[in-house]
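Novice: only the shape, not the letters, is given here:
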């Protein structure tokens, strides 16, 4: 997960021929796979890459993970471990002609007995045609492709390319991983960071799971001249907290709204508030959240608490009137209310069942007895004949059939025994009993 190793140096490492010192992140790059911090789920002895390296065979891969977790470094080390020539390109800066040159060089290299590991950073930035261009060279062995992406490959990469590569998920650095990385950095620098324990924790939290970001922060802190170790407050005053990773059109957007929705559905107001706050902190549009919160009321609370929809709509209106930041409190209150409300998807399930049935029955007309007959011809055709006016029936219920003729009465709406739907179920049972007494099947 990290781009680091212990070189044992005690002073800044100068660049080539006495040039500028190399950045700490570059000096701490691992030299072997064993020196990589974290990513046990793909590098362990029984994990995919561990098994591949042990068997001496490597397939094309796609690394999916956030920035700063070692995608580039691991790709480079895989080339070293398998004696492949390493070529790195970025989809952002590489055009069709550049790709042709890369493939031609790989063919020549292959003819001379050496394979090529082609590492493509931001591979999701290539369009469909460009992605398809890799396929023949992967199939004939000209290149072994290792792509890296921060976006979900299922949405961003062609199915043909994915069928020829194994997707491996790289994870954010844990706090324990970040501490190991901090210790390696201190050994490389030859001195401890001027931080107290709380400030040290705060520094690692600021990195937000990004090893490269941590090393950049460490390099800044190490250059400070201070008389005593800094505490958390002093560190926060000197460093800006790194913005949480959040892309309003990417995976994080959908992951977090899913977490919020499922927390509400699971009746956990604390978790729901947390995910709401995460999205707002990430810069999500509160209007989008208001719309999704209202959807939760319709989909998961439904008629178990008919007031839930009104509360969401009122919260939405309050936000529109107050704006930020005060308006977000109304959204938070709506989220808490939804989380604690009785849950039912009875109407939602019934609606989906009705849509399915409507699709299956096509253009079946309503029964004639419930059709209006404004003309004589329509009366002659039997429109309205035999219609029972429910207000005149005993109990205000005639029990007539309103489904198309020839369709057996289905049960589409099944209320739950929770909240207000408990009362609706009693009404349904009552009408079903009357319908049975009056002879309708």
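Specialist: In hand now; what should we look at? Computed from a prediction, not measured in an experiment: that's the story for all the values here.

Novice: state the distance from the spatially most central residue of the chain to residue 40.
Specialist: For the chain, the residue sitting closest to the mean C-alpha position, by Cα atoms, centre = their mean, is residue 255 at 2.9 Å. Applying Cβ to Cβ, to the nearest Å, the value for residue 255 to residue 40 is 22 Å. Glycine gets a C-beta too; all of them are placed from N, C-alpha and C.

Novice: repeat for residue 307
Specialist: To residue 40, residue 307 is 49 Å away according to Cβ to Cβ.

Novice: doesn't the residue nearest to the centre of the chain fall inside a helix?
Specialist: Yes. The assignment for residue 255 by DSSP: H, G, I helix; E, B strand; the rest coil puts it in a helix.

Novice: so what pLDDT did it get?
Specialist: Here the pLDDT value assigned to residue 255 is 86.

Novice: how much space between it and residue 318?
Specialist: 27 Å.

Novice: just checking, which helix or strand of the protein averages the lowest pLDDT?
Specialist: Least confident helix or strand of the chain, by mean pLDDT, DSSP states H and E, is helix 376-380 with a mean of 82.

Novice: could you look up the next helix or strand downstream of that helix?
Specialist: helix 421-437 (DSSP states H and E).

Novice: list the contacts of that next one.
Specialist: 302-304, 342, 344, 346, 395, 397, 399, 413, 415-417 (Cβ atoms under 8 Å, 6 or more residues apart in numbering).

Novice: change it to 6 Å
Specialist: Residues outside helix 421-437 that contact it (Cβ atoms under 6 Å, 6 or more residues apart in numbering): 303-304, 344, 397, 399, 415.

Novice: with stretch 42-52 instead?
Specialist: 41, 58, 168.

Novice: give the buried residues for it.
Specialist: Within stretch 42-52, the residues scored as buried using 16 or more other Cβ atoms under 10 Å are 42-43, 48-49, 52.

Novice: now stretch 255-263
Specialist: Across stretch 255-263, burial judged by 16+ other Cβ under 10 Å covers 256-257, 259-261, 263.

Novice: and stretch 177-188, by the same measure?
Specialist: Buried-residue list, stretch 177-188, by 16+ other Cβ under 10 Å: 177-182, 184-185, 187-188.

Novice: neighbours of residue 304, just the number please.
Specialist: Using other Cβ atoms under 10 Å as the criterion, residue 304 is surrounded by 23 other residues.

Novice: again with the one 5 residues further on
Specialist: In terms of burial, residue 309 registers 18 neighbours under the definition other Cβ under 10 Å.

Novice: isn't it up against residue 297?
Specialist: Yes. With contact defined as Cβ atoms under 6 Å, residue 309 counts as touching residue 297 (4.6 Å).

Novice: not counting sequence-adjacent ones, nearest residue to residue 76?
Specialist: Nearest non-adjacent residue to residue 76, counting by Cβ to Cβ, 6 or more residues apart in numbering: residue 86, 5.6 Å away.

Novice: now do the contacts for the one you found.
Specialist: Per Cβ under 6 Å, 6+ apart, neighbours of residue 86: 76, 79, 117.

Novice: of these, just say which sits nearest to residue 97.
Specialist: Distance to residue 97 across the contacts of residue 86 (Cβ to Cβ) is lowest for residue 117, with 21.6 Å.
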